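A.B. asks: Need coordinates for the below:
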Amino acid sequence: MSLIPTQANKIEVAGATVDFFKLDEDGQSTYYFDTSKCGPPEPMVNAMSGLKLIKGTDSKLVMINHKTPGGLFSKLGDDISHEAEAAEGGLVKVTFSSNDSSVANTDLNQNTCH
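C.D. replies: Got it, this is the predicted structure:
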């Protein structure tokens with residue numbers, strides 16, 4: 001079972017190695033991607049590509065992964081907020097949003113795990 005809504009539409013995202021999807025509801029855009037079957041560095045690479053879509057906007061980015069991406073979280077400044085929750089099948093669903101009130105400027109080109 002996919003944790004990506006069936007009504008979301010597939011989109012192209014520069015630098016991504018997995019499919020991305022976009023869902024517009026109630027004036028809110030949410031982007032989705034699933035790296036639960038990927039090994040490093042793909043979750044980080046795809047997250048950074050997806051975060052470029054939402055930085056400075058009110059859109060959300062949802063990552064489905066096999067575990068909490070602690071290495072990714074450590075790369076983010078407070079200009080990108082995240083909330084992780086347990087999902088079906090032992091997966092993790094992470095929702096990212098942009099925080100415009102922050103003075104941080106996360107470098108979203110740093111997409112390696114080290």
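
A.B. asks: Can you list the low-confidence ranges for this structure?
C.D. replies: Applying pLDDT under 70 to the chain flags the ranges 1, 101-104, 106-107, 111-114.

A.B. asks: how about 80 then?
C.D. replies: For the chain, the stretches with pLDDT under 80 are 1, 100-114.

A.B. asks: what about the helices in it?
C.D. replies: 42-54, 70-75 (DSSP state H).

A.B. asks: Turn the ones you listed into TSV, including mean neighbour count and distance to E83.
C.D. replies: Just so you know, the C-beta spots here come from the backbone N, C-alpha and C atoms, and that holds for glycine as well. As requested, the helices of the chain are exported to TSV (neighbours: other CB atoms under 10 Å; distance: least, CB to CB, whole Å):
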stretch	mean neighbour count	distance to E83
helix 42-54	21	14
helix 70-75	14	11
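
A.B. asks: As CSV, those helices with distance to A16 would be great.
C.D. replies: Formatted as CSV, these follow (distance: least, CB to CB, whole Å):
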stretch, distance to A16
helix 42-54, 5
helix 70-75, 15
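
A.B. asks: Tell me who's in contact with the closest residue to E12 other than its chain neighbours.
C.D. replies: Distances taken as CB to CB, 6 or more residues apart in numbering put F20 closest to E12, at 7.6 Å, once the chain neighbours are dropped. The contact partners of F20, taken as CB atoms under 8 Å, 6 or more residues apart in numbering, are 10-13, 31-33, 46, 49-50.

A.B. asks: circling back to that earlier point, out of the helices of the chain, which comes closest to M63?
C.D. replies: Proximity to M63 (CB to CB) singles out helix 42-54 among the helices of the chain, at 5.7 Å.
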